[in-house]
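J.: Pasting the sequence and the predicted model now:
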Amino acid sequence: MKVIDEYINTVKKELSKTKISLKQEEIGIVNEIKDGVAILSGLDNVSYGELIEFSSGIVGYVIDLTENEVGAIILGDYLKIKAGEEVKAMGVKLSVPVDDKVIGRVVDALGTPIDGEGKIKSTKRYPVERIAVGVIKRRAVNQPVQTGIKAIDALIPIGRGQRELIIGDRGTGKTTIAIDTILNQKNENMICVYCSIGQKTSKTASLVHLLKSRGAMDYTVVVSASASDPASMQYLAPYSATAIAEYFMDKGKDVLIIYDDLTKHAWSYRQISLILRRPAGREAYPGDVFYLHSRLLERSCRMSEKYGGGSITALPVIETLEGDLSTYIPTKVISINDGQIFLEADLFNAGIRPAINVGLSVSRVGGTAQTKAMKSVAGRLKLDLAKYNALAAFSQFEGELDEETKKLLKRGAKVTQVLKQKKGQPSSLASQVAIIWAATNGYLDEVDNDKVSEFEEKLLEDLRLKAPKVLSSIEKTKVLSDDDLKVLEKIVKEVAI
């Protein structure tokens, strides 16, 4: 007995020296795997948006919570996961790495580089899903985003912190407007994030090549979820892109983010929801599809100076069918945004590019986000175009019209020609102000329609040679002063002779 007591005491001493720590893990089982979505059971305490890890090492993202099961999208090769496999809740939310070094890179929906230029060393991560900044931390939108596109800067101005929808049929130049806007930010102190959703890989590659050749990748991040990627990656891409944009906004910088396009994003979410057997509503979209885009676009804003003063300006793209703005997704996204730029197929086919329908396009920020120089010349432009559009239907009866009406039609036709712009050639603020002033003051009335672009080139060339101070003054002060106006008028008259 004595030996046994000594042995027990020895064991007790050894056990007292050993520190036992318990680690609690929540383990579940895979019930089903279908097209990138896993149906799980046993994860009773898991939360929406939480990461989970399968025993095969693949990670998932919880997107659906029901009474008895959990739905998760797979962030990897779902074919490697088998029914009956164990799955563990990781206790953390999905996030993406953020750093200044991400500028100039092409990354996927998880922030992993896919451009073959090595890893991005980052010590900071931002959550993919984040509640939008409250009204108290925001301030009014009154600083312009110069797109370099005359029709937009003059008629549908966009402000820093605004959400302006680009909408139109396929092949009407929606992406062109977005890319030209990026190209024009070279000297505007703005970081750009381009999010490609469901596009061909070749299209994204050619776009990146264009940005590199024009020096725009020096201030641009490209987030790509191509058509060949799973629906889960296409679903996550815009949220990840917004997280990257928020990182720069929190540093007090201005960011332009382009979602190209949210129609395909809605398709990917519909695909995931149908697999999860969520009840389908209008056009087979789930009932929460409004929340899908509202929680994304509400994150774009302009912060007050107290909270850094940064901003995110969003240019979401939506594709229509036969110009129908009343379908479900276009209607829904229009209601979330602060205006829309509507591109019309008939105008595009008629050679008017960008094919902006001025009547159906609107900016709810308007002149508040316009420079004084542009505001001083664009007021007449809107009036001339409005009159022209109202009278254009009667232009075939020109012989019966009075001289004043003929003059208005002639002026409107010239203004329409002035607003035409070639792809990849954004205009500076000063050059826009100069040609628009010439058009609205009648100096182009007697110029043939096919000679308007020549007139514009000659005017800008003369201004650069004879009055460079006028151009630099407008660019610097954003105002068309009386002295600048006198010089501009003199040169316009010389060109018009």
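T.: Ah, there it is. Residues are numbered from 1 along each chain as shown.
J.: got the residue ranges for the helices in the stretch 201-350 of the chain?
T.: 201-213, 231-250, 262-275, 289-297, 328-336, 345-349 (DSSP state H, counting those that start in this stretch).
J.: of all those helices, which lies closest to Lys493?
T.: Lys493 sits nearest to helix 345-349 of all these, at 32.1 Å, using Cβ to Cβ. Where C-beta positions appear, they are placed from N, C-alpha and C, glycine not excepted.
J.: Report the buried residues of the closest one.
T.: Ala345, Leu347, Phe348 (16 or more other Cβ atoms under 10 Å).
J.: Any chance of TSV for the helices of the stretch 201-350 of the chain, columns mean pLDDT?
T.: Below are those laid out as TSV (pLDDT from 0 to 100):
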stretch	mean pLDDT
helix 201-213	96
helix 231-250	96
helix 262-275	94
helix 289-297	95
helix 328-336	94
helix 345-349	92
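J.: returning to that earlier point: pick the one among the buried residues of helix 345-349 closest to Gly118.
T.: Nearest member of those to Gly118, counting by Cβ to Cβ, is Phe348, at 41.0 Å.
J.: Tell me which residues touch the closest one, please.
T.: The neighbours of Phe348, taking Cβ atoms under 8 Å, 6 or more residues apart in numbering as the test, are Gly171, Thr172, Gly173, Ala355.
J.: Is it possible to get CSV of the buried residues of helix 345-349 that adds distance to Asp115?
T.: Putting these into CSV (distance: Cβ to Cβ, whole Å) gives the following:
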residue, distance to Asp115
Ala345, 34
Leu347, 36
Phe348, 32
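J.: about what we covered before: what's the most buried one of the helices of the stretch 201-350 of the chain?
T.: Of all the helices of the stretch 201-350 of the chain, helix 231-250 has the most neighbours on average by mean count of other Cβ atoms under 10 Å, namely a mean of 25.
J.: what about the strands in the stretch 101-250 of the chain?
T.: For the stretch 101-250 of the chain, applying DSSP state E, counting those that start in this stretch gives strands covering 106-107, 124-127, 165-169, 190-197, 220-225.
J.: In CSV: those strands, plus mean neighbour count, distance to Pro330 and mean pLDDT.
T.: Shown next, in CSV, are those (neighbours: other Cβ atoms under 10 Å; distance: least, Cβ to Cβ, whole Å; pLDDT from 0 to 100):
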stretch, mean neighbour count, distance to Pro330, mean pLDDT
strand 106-107, 22, 29, 96
strand 124-127, 15, 29, 94
strand 165-169, 26, 6, 96
strand 190-197, 26, 16, 97
strand 220-225, 26, 21, 96
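J.: Would you reformat the ones you listed as JSON lines and include distance to Leu296?
T.: Listed next are the strands of the stretch 101-250 of the chain as JSON lines, based on distance: least, Cβ to Cβ, whole Å:
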{"stretch": "strand 106-107", "distance to Leu296": "18"}
{"stretch": "strand 124-127", "distance to Leu296": "13"}
{"stretch": "strand 165-169", "distance to Leu296": "13"}
{"stretch": "strand 190-197", "distance to Leu296": "10"}
{"stretch": "strand 220-225", "distance to Leu296": "13"}
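J.: what about the nearest residue to Leu360 once chain neighbours are set aside, how many neighbours?
T.: Spatially, and ignoring its direct neighbours in sequence, Leu360 is nearest to Phe342 (4.2 Å; Cβ to Cβ, 6 or more residues apart in numbering). Phe342 is flanked by 24 other residues according to other Cβ atoms under 10 Å.
J.: can you pull the contacts of Phe342?
T.: Ile167, Gly168, Leu325, Ile356, Asn357, Leu360, Ser361.
J.: Only the buried subset of those residues, as a ChimeraX command please.
T.: With 16+ other Cβ under 10 Å as the burial test, the buried ones among those are selected in ChimeraX as follows:
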select :167,168,356,357,361
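J.: Out of the contacts of Phe342, give me the two with the largest separation.
T.: Farthest pair in the contacts of Phe342, by Cβ to Cβ: Leu325 and Ile356, 14.2 Å.
J.: Let me have the contacts of Phe348 in TSV, adding distance to Trp437 and pLDDT as columns.
T.: Below are these laid out as TSV (distance: Cβ to Cβ, whole Å; pLDDT from 0 to 100):
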residue	distance to Trp437	pLDDT
Gly171	33	91
Thr172	29	94
Gly173	26	94
Ala355	24	92
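J.: Could you single out the nearest of these to Ser428?
T.: The closest of the contacts of Phe348, once distances to Ser428 are taken by Cβ to Cβ, is Gly173, at 20.8 Å.
J.: Now do the closest one against Gly424, distance only.
T.: Distance from Gly173 to Gly424, counting by Cβ to Cβ, to the nearest Å: 11 Å.
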